[in-house]
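Participant: Can you look at this prediction? I've put the sequence above it.
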Amino acid sequence: MSAAVRSQRATPIGHGLPRLLAGIHATEPVSLTEHQALHGLLPARVWRRAPGLIELVEQSGMRGRGGGRFPTGDKLRAVSAQRGRPVVVVNALEGEPVSGKDKVLLRHAPHLVLDGAAAAAAVLGARRAIVAVSADAVTEQRSLAKALAERERAATDRNVALSVALVPPGFVSGEETAILRFLNGGPPKPTARPPLPHQHGLGGAPTLVQNAETLAQLALIARLGPDWFRTLGTPAEPGSMLVTVSGAVHTPGVLEIAVGTPLAAVIQRAGGFTERPKALLLGGYFGTWVPAAAAAALRLSETDLACVGARLGAGAIVALPDSACAVTETARVTRYLAEQSAHQCGPCTHGLAAAAAALERLAQRQPARDAHSREPSELARILRQVNGRGACRHPDGAVRFISSALEVFADEVAQHLAGRCGLRAAGILPVTSQRRT
C-alpha cells in the first residue's frame, strides 16, 4: 500500500488534530531537533522508572493500534509483573498490503516511535528496545538509521539501547510470536501459545511487543497525560488513530482521525469516491465487507462497527467500485492469503488452498456448462472445516474475509454461477505489499 501523506505545519500539539502527524514533511523524516522543538523531551520521570507511566496509560484508555485493540496499560502491567529483565520489541512490519500507517510513522516521524519504545523500556526496566521492520522496507530502514544516529549523538535514550532488526517480509511475519521466533533464530512463523510473549519471549525474557503506532501514542501520553489523550475520540474508545484509505477514492493515503469519526467524513477527507462504491472493506484482509449503503451511516469505532459484524483492526479501509468484480477480487486475495500462510497446519496448507481454488473456479465460471456448480456448497464446507482449527489465527482471519464476501456479494456469486457476470477484473485489492523505496 502506498503510504502517501501530506506535510503538516509544525505547530504546538493541542487538543485537536494532527497529533501523531504534526509537523511532518512530505518527503523526509522529521529531525531530532525539529521533533524536540515540537514535542519537547520525554519527562524526567520516565527515566526514573516511575510506575506512574503505566498508570497514565491505563487511565488514558488507549488500546493497541496494531489490530487486536488490546488495552495497552494491561500489556505493560503484565510484563512488569514478570521476573527477569524484560525486552521491548516494536512491531513495525505491517505486512498487510492495504495498510500504510506504520510506514508513514517510520518514514516521517521515527522519533515519536523511538520515544515510545524508549519510554516503555525505561518504565519496565528493560535495557533493550528492538524495532522489527520488514527486510524490504528500504525507505523505513534509512529513516530509522538516520534517527538512531541522531539520538546516539545526542545521548537521548539514557540506559536504553535502541536497534533495528530486519525480518523477512510476509503477511504472517508481523504476528508477534512470528517476530519473536525469528529473533530467537527460527523462521518468521507464528508459534503455539502459551507461553505468551510477556511470560517467555525474546531469549526467554518477558517481552513487550507493541505496534509502532501504539508506542507513538504512548510517547505523547507520557508528555501530555491521559486527560489530554481523552479530548479526542469517544469515552469508551478515546484518542486519535491512523487509517489507510484506498480503492475507489481520489486521494488514497494515510489520515489521522479521532476514533468515532463518521466513515463518510473520512472518505470525504480522502477526496471522495471516484465512482459509486458497492461495498467497503473494513479492517484489511482479516476484515469484513460492508455494503456501501450500510457503511454510509457508520462511525469508526469498535462499538459502531460491531453492529455490522466488523472491526477497526489496523484501520485499513478499501472502497470497491460498482464496476469491479467482487468475486474475482475475493479469489485473488484468498489465493494470496493461502500462499502467505505459515503452512504449519492442515487448515492453512490444504484448507485455504482449497478455498482459493473453489473461488477461482467460481470467478472463471463459463455459462451453461457449469450451471449446476457445487462451488458455493463446497466453499461452505471448506470454511467450516478451517475455522477455529488452525495453529494460529491466519485461517480464521481468511475465513472471516471470505464469508463476508460471499454474503455481501451474493448477487454477483449468482451471476457467476449463471455465467452472466460482465464486471471488470480491476485488481483493486493489492496482493503484494507495495513499498516505495
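Facilitator: Looks like it arrived, so ask away. None of these values were measured; they are calculated from a predicted model.
Participant: Could you tell me the model confidence score at the nearest residue to residue 284 once chain neighbours are set aside?
Facilitator: Leaving aside its sequence neighbours, residue 284 sits nearest to residue 316 (CB to CB, 6 or more residues apart in numbering; 3.9 Å). (C-beta placed from N, C-alpha, C; glycine too.) Here the pLDDT value assigned to residue 316 is 97.
Participant: what's around residue 316, how many residues?
Facilitator: Residues lying near residue 316 (other CB atoms under 10 Å) number 25.
Participant: Give me the distance between it and residue 203.
Facilitator: As judged by CB to CB, to the nearest Å, residue 316 and residue 203 stand 33 Å apart.
Participant: wait, the residue nearest to residue 284 sits on residue 95?
Facilitator: No. Residue 316 is not in contact with residue 95 according to CB atoms under 8 Å; the separation is 12.0 Å.
Participant: Contacts only, for the residue nearest to residue 284.
Facilitator: 1, 96, 98-99, 243-244, 246, 281-284, 287 (CB atoms under 8 Å, 6 or more residues apart in numbering).
Participant: rerun that using 10 Å as the cut-off
Facilitator: Residue 316 makes contact with 1, 67, 96-101, 243-246, 281-287, according to CB atoms under 10 Å, 6 or more residues apart in numbering.
Participant: quick one: it and residue 269, what's the gap?
Facilitator: Taking CB to CB, one finds residue 316 at 15 Å from residue 269.
Participant: Residue 301 now?
Facilitator: Using CB to CB, residue 301 is found at 17 Å from residue 269.
Participant: Residue 225 now?
Facilitator: 28 Å.
Participant: cool, and residue 388?
Facilitator: Taken as CB to CB, the span from residue 388 to residue 269 is 37 Å.
Participant: quick one, strands of the chain?
Facilitator: Remark: strands assigned in the chain by DSSP state E are 87-91, 128-134, 161-167, 207-211, 240-247, 253-258, 277-282, 288-291, 316-321.
Participant: Show me what counts as buried in the fourth one.
Facilitator: Neighbour counts over strand 207-211 (16 or more other CB atoms under 10 Å) mark 207-211 as buried.
Participant: in its sheet, what does it sit against?
Facilitator: Sheet neighbours of strand 207-211, with direction, are listed as strand 87-91 (parallel) (DSSP bridges).
Participant: Tell me what angle the strand it pairs with forms with strand 161-167.
Facilitator: Put simply, strand 87-91 runs at 50 degrees to strand 161-167, going by axes from the mean of the first three to the mean of the last three CA atoms, to 10 degrees.
Participant: What about the residue nearest to residue 157 when sequence neighbours are not counted, how many residues nearby?
Facilitator: Nearest residue to residue 157, sequence neighbours excluded (CB to CB, 6+ apart): residue 118, at 4.6 Å. Neighbour count of residue 118, defined by other CB under 10 Å: 28.
Participant: close enough to count as contact, residue 118 and residue 46?
Facilitator: Yes. With contact taken as CB atoms under 10 Å, residue 118 and residue 46 are classed as touching, separated by 7.9 Å.
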